[in-house]
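Asks: Below are the sequence and a predicted model for it; my questions follow.
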Amino acid sequence: MDSIHCYIANSTGELTKLTSKINSAYAQAKKAMIHDLGANKIDVIFIYAPKSVIPEMGIGANSPGPHNIYVAFDPEFKDIKDEDIFLSIMHEAHHCMRWRDPGYGKTLGEAMISEGLATLYEEELSGKPPIYSQMNIQPEEIEEAKKMINHEKYDHAKWFFGTNEITRWFGYTYGYQLCKAYAVKTGKKASQLIHIDAQRMLDHTADKSNI
């Protein structure tokens, strides 16, 4: 029985011009998430939500738990790419399966590993890292993050979306660096590390001064 479903929330007609792209990217993603991740029981919901997108892409996505992916669009963005829709779905599919075991994570360090792995998975699929994994983060920010790495009471928006004190997308970039170092060392792909314990990866890189 098919347990991965697509829903285009289009009562206003705002997504009509993107329907063909959405259906094509979804069909590609569905095959890949089943093959790579053993994914099942996931609803992928596409919505009109311009305020929830990455401005550089016209798309934004999130997975609040193990069974739902939301992909937001700004249809006024001039060039929404098919590949960006596909990779956004796949990033969140990685999260959905990780939500089930061991979980997204409660601490800053665990969250950075979950985001780093999903970002590294995008690179595995496309051959290039996404823009939010390539920020010019500073050594002093890394040191501050290391002090907070085991804290559950951390400001997620601050560390992942940036403030005046923290570089935009810091958590994605640093998480990607941590996961990339571990993947290179072990010879494993992000799709093979989906259920790895976050602390194991953090312990592996804890004494590395350059990451």
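Replies: In hand now; what should we look at?
Asks: Touching stretch 70-89 from outside, list them.
Replies: 14-15, 17-18, 21-22, 24-26, 28-29, 32-33, 44-50, 52-53, 57-64, 69, 92, 122, 125-126, 130 (C-beta atoms under 8 Å, 6 or more residues apart in numbering). Where you see a C-beta, it was placed from the backbone N, CA and C, and this is true even at glycine.
Asks: what about residue 62, helix or strand, and which?
Replies: In this assignment (DSSP states H and E), residue 62 forms part of strand 59-65.
Asks: same question, residue 83
Replies: Going by DSSP H and E, residue 83 is in helix 82-100.
Asks: isn't residue 42 right up against residue 33?
Replies: Yes: contact criterion C-beta atoms under 8 Å: residue 42 and residue 33 qualify, at 7.4 Å.
Asks: Overlap in contacts, these two.
Replies: Joint contacts of residue 42 and residue 33 (C-beta under 8 Å, 6+ apart) are 4, 93.
Asks: Quickly find the element holding residue 110.
Replies: helix 108-126.
Asks: Mind listing what's buried along that helix?
Replies: 108-125 (16 or more other C-beta atoms under 10 Å).
Asks: quick check: angle from that helix to strand 59-65?
Replies: Helix 108-126 and strand 59-65 are oriented at 130 degrees to each other (axes from the mean of the first three to the mean of the last three C-alpha atoms, to 10 degrees).
Asks: so how far is helix 108-126 off the chain centroid?
Replies: From the chain centre to the centre of helix 108-126 is a distance of 6 Å (C-alpha atoms, centre = their mean, to the nearest Å).
Asks: With stretch 3-15 instead?
Replies: Chain-centre distance of stretch 3-15: 21 Å, with C-alpha atoms, centre = their mean.
Asks: Just the buried positions in it, please.
Replies: Counting neighbours by 16+ other C-beta under 10 Å, the buried set in stretch 3-15 is 4, 6, 8, 14-15.
Asks: sorry, back to before: C-alpha coordinates for the helix holding residue 110, CSV please?
Replies: Extracted in CSV, the C-alpha atoms of helix 108-126 (Å, rounded to 0.1, in the frame of the first residue of the first chain):
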residue,chain,number,x,y,z
LEU,A,108,22.0,22.6,20.1
GLY,A,109,24.6,19.9,19.2
GLU,A,110,22.0,17.3,18.4
ALA,A,111,20.1,19.8,16.2
MET,A,112,23.2,20.8,14.4
ILE,A,113,23.9,17.1,13.6
SER,A,114,20.4,16.5,12.3
GLU,A,115,20.6,19.6,10.1
GLY,A,116,24.1,18.9,9.1
LEU,A,117,23.2,15.3,8.0
ALA,A,118,20.2,16.5,6.0
THR,A,119,22.3,19.2,4.3
LEU,A,120,25.1,16.7,3.6
TYR,A,121,22.4,14.4,2.1
GLU,A,122,21.5,17.2,-0.3
GLU,A,123,25.1,17.3,-1.4
GLU,A,124,25.1,13.5,-1.8
LEU,A,125,22.1,13.9,-4.2
SER,A,126,23.2,16.9,-6.2
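Asks: That one vs helix 82-100, what angle?
Replies: 140 degrees.
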